[in-house]
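In: Sequence below, structure please.
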Amino acid sequence: MLSKDVPTELARLRALEELCDPISTAIVEHLSPEPSWRCADVGAGAGSFASWLAQRAEVVATDLDTRFLTPGERLTVLTHDVTGDPAPGGPFDLVHARFLLETLPSRADTARRLTRWLRPGGHLVVIGVDLSVAAFSPHPALRAAAEALLDIFTEEMDLEPTFTRGLPRLLAEEGMVDIRAAFHPLVVGDGGPGERVMRATFEQAYGTMIATGRLTAEQVDAARDWFGQPGHLDILALMPVVTARRPA
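Out: Predicted structure coming up:
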């Protein structure tokens, strides 16, 4: 459903980058990366953050499917399974992952592995997405579509929507320090990148929603019609951001 074989997937990933890059870059700029740093961008998607980071440090960008990633002078692209393959180099001064851990079957073990890729003093930055807040939407058409999407994610794709919210405790158990958490709203109805991400995701999922009986065709039409109507604004998801440092 979210495969890179889907013709609209690159546009969806670009919208996701527009939504998340300002968050990632602000965090990393605050860390003051140096040219000598080695960094890993895990699940690098379409590569905009990895390209930005490569202007400041050495970067390894990894993904299961790297077709949208372009290597550069300080940017190495690597086909890599973070759940089982050896660490792609390192130790790293920075490991960055977003919209990734929730989707993995061995998410907790993978999060622990990422902490062990860090050199002493190295930083971990994780951005997640939690769609469970959509169950409280005051807009019935949007709520029905979001609940159907979350149902597909959890039942058919084994996604755990609240995983990143619980990540600070796991990191503390792994001995990480300076653990911080923040939450950013994913707004729809304003025509912004969050809306473009969700509309593209919905469009790629509507066929499955109908085929599995989660929504009727009429409900899909109602969800499509919701967007663009005056006064239709909502927070459809939260993006938890967790940062931590391995002790020096």
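
In: What strand or helix carries the residue located most distally from the centre of the chain?
Out: Among residues of the chain, the one most distant from the C-alpha centroid is residue 218; the distance is 30.3 Å, by CA atoms, centre = their mean. Under the criterion of DSSP states H and E, residue 218 resides in helix 217-226.

In: before we move on, what about residue 151?
Out: Here residue 151 is covered by helix 140-156, with elements defined by DSSP H and E.

In: Please apply the same query to residue 124.
Out: Using DSSP H and E, residue 124 sits in strand 118-127.

In: same check, this time on residue 178
Out: strand 177-188.

In: likewise residue 68?
Out: With DSSP H and E as the criterion, the answer for residue 68 is that it lies in no helix or strand.

In: Phi first, then psi, for it.
Out: phi -100, psi 0 (degrees, to the nearest 10).

In: So it sits against residue 48, correct?
Out: No - applying CB atoms under 8 Å as the test, residue 68 and residue 48 come out as separate, 9.8 Å apart. The way it works is simple: take the backbone N, C-alpha and C, and place the C-beta from them, glycine included.

In: Name the nearest residue to the residue sitting nearest the centre point of the chain, ignoring sequence neighbours.
Out: Nearest to the mean C-alpha position of the chain, by CA atoms, centre = their mean, lies residue 99 at 1.5 Å. Leaving aside its sequence neighbours, residue 99 sits nearest to residue 129 (CB to CB, 6 or more residues apart in numbering; 5.5 Å).

In: roughly how far apart are the one you found and residue 103?
Out: Shown here: residue 129 relative to residue 103, a distance of 10 Å by CB to CB, to the nearest Å.

In: Just give me the longest helix of this protein.
Out: Using DSSP state H to assign secondary structure, the helix with the most residues in the chain is helix 9-31.

In: gap between it and the chain center?
Out: On the basis of CA atoms, centre = their mean, to the nearest Å, the separation between the geometric centre of helix 9-31 and that of its chain is 9 Å.

In: neighbouring contacts of it?
Out: Here helix 9-31 makes contact (CB atoms under 8 Å, 6 or more residues apart in numbering) with 2-4, 45-46, 48-49, 52-53, 56, 68, 94, 96, 98-99, 123, 125, 127, 184, 186, 192-194, 196-197, 200-201, 204, 239, 241, 243.

In: Can you select the buried ones among the residues you listed for me in ChimeraX?
Out: Restricted to buried positions by 16 or more other CB atoms under 10 Å, the ChimeraX selection for the contacts of helix 9-31 reads:
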select :4,45,46,48,49,52,53,56,68,94,96,98,99,123,125,127,184,186,193,194,196,197,200,201,204,239,241,243
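
In: Just the ones in helices from the contacts of helix 9-31, please.
Out: Taking DSSP H as the definition of helices, these contribute 48-49, 52-53, 193-194, 196-197, 200-201, 204.

In: Mind putting those into JSON lines with pLDDT?
Out: As requested, the ones in helices among the contacts of helix 9-31 are arranged in JSON lines below (pLDDT from 0 to 100):
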{"residue": "48", "pLDDT": "98"}
{"residue": "49", "pLDDT": "98"}
{"residue": "52", "pLDDT": "98"}
{"residue": "53", "pLDDT": "98"}
{"residue": "193", "pLDDT": "95"}
{"residue": "194", "pLDDT": "95"}
{"residue": "196", "pLDDT": "95"}
{"residue": "197", "pLDDT": "94"}
{"residue": "200", "pLDDT": "94"}
{"residue": "201", "pLDDT": "94"}
{"residue": "204", "pLDDT": "93"}
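
In: Widest-spaced pair of the residues you listed?
Out: With distances taken as CB to CB, the most widely separated pair in the ones in helices among the contacts of helix 9-31 is 53 and 204, at 27.9 Å.
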